[in-house]
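S.K.: this one's structure only:
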Ligand SMILES: Cc1cc2nc3c(=O)[nH]c(=O)nc-3n(C[C@H](O)[C@H](O)[C@H](O)COP(=O)(O)O)c2cc1C
């Protein structure tokens, strides 16, 4: 999906977007491992790497269980994703047990790298806040210092026209961003 920017950005950044239409093609295990490896090479405070990922391939009980945790609005289009995953934040530093204030930031960093590595392989990712956190915690039996941050769907691109509304229109809607002067200031 085309992006219009006044200033040139890297082609990989231009290419990344969050689709809803996925093709039936599965993702090879090797590629999934590459994608999560890219996540692990993100910067993080104290190199704590305060992230964990749990994933499942379509057609498995794990996938169905993760899919069941999604919000109603995310369920129809994620059925066709090749992979569903949960990004989890480790809330405390491993050596001191103190709260890691930067953990949410660092999970975001890891997720960004994950999405870009996927994009480089023509695999697209769509992150989702619309899921039941308690349901995920229960399903995965997460310890108290682990917090699900978001879920994600991965897959090769499918046909927008095969989506039902309102997803078809959303898939075709232009993508927009704030102007630079709305969020950057020089002092
Ligand atoms: C943390 C997070 C939560 C999101 N939650 C949802 C969601 O529940 N459902 C959805 O369809 N999209 C969700 N999105 C996707 C955003 O709507 C999307 O990234 C944004 O509109 C920008 O579009 P782009 O990723 O194609 O550039 C989420 C994205 C992020 C980063």
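M.R.: Thanks, I have the structure now. In this text the structure is predicted, and so the values were computed from the model without any measurement.
S.K.: Next, the distance between the ends of stretch 3-18.
M.R.: 13 Å (Cα to Cα, to the nearest Å).
S.K.: Stretch 97-109 too?
M.R.: End-to-end distance for stretch 97-109: 22 Å, by Cα to Cα.
S.K.: Is it in proximity to the ligand?
M.R.: No. Applying Cβ under 6 Å from any ligand atom, one finds stretch 97-109 out of contact with the ligand, separated by at least 7.7 Å. Backbone N, C-alpha and C define where each C-beta goes, glycine included.
S.K.: Would you indicate which residues of that stretch are buried?
M.R.: 100, 103, 106-109 (16 or more other Cβ atoms under 10 Å).
S.K.: Measure how far it is from the centre of its chain, please.
M.R.: Relative to its parent chain, stretch 97-109 has a centroid offset of 17 Å by Cα atoms, centre = their mean, to the nearest Å.
S.K.: same question, stretch 89-109
M.R.: 18 Å.
S.K.: Kindly report the same for stretch 115-125.
M.R.: Distance of stretch 115-125 from its chain centroid, counting by Cα atoms, centre = their mean, is 10 Å.
S.K.: And for it, what's in contact with it?
M.R.: The contact list for stretch 115-125, computed with Cβ atoms under 8 Å, 6 or more residues apart in numbering, reads 12-13, 15-19, 22, 27, 31, 34-35, 37-39, 82, 114, 127, 152-157.
S.K.: These: which ones sit near the ligand?
M.R.: 17-18, 127.
S.K.: Kindly report the residues of the protein close to the ligand.
M.R.: Counting by Cβ under 6 Å from any ligand atom, the chain sits next to the ligand at 17-18, 74, 127-130, 150, 175.
S.K.: on that earlier part again, make JSON lines out of the ones next to the ligand among the contacts of stretch 115-125 and add neighbour count.
M.R.: Converted to JSON lines, these look like this (neighbours: other Cβ atoms under 10 Å):
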{"residue": "17", "neighbour count": "16"}
{"residue": "18", "neighbour count": "16"}
{"residue": "127", "neighbour count": "17"}
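S.K.: Now tabulate those residues in JSON lines and tack on secondary structure.
M.R.: Output for these, formatted as JSON lines (DSSP: H, G, I helix; E, B strand; the rest coil):
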{"residue": "17", "secondary structure": "coil"}
{"residue": "18", "secondary structure": "coil"}
{"residue": "127", "secondary structure": "strand"}
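S.K.: Turn these into JSON lines, including pLDDT and distance to residue 185.
M.R.: Listed next are those as JSON lines, based on pLDDT from 0 to 100; distance: Cβ to Cβ, whole Å:
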{"residue": "17", "pLDDT": "98", "distance to residue 185": "27"}
{"residue": "18", "pLDDT": "98", "distance to residue 185": "28"}
{"residue": "127", "pLDDT": "98", "distance to residue 185": "28"}
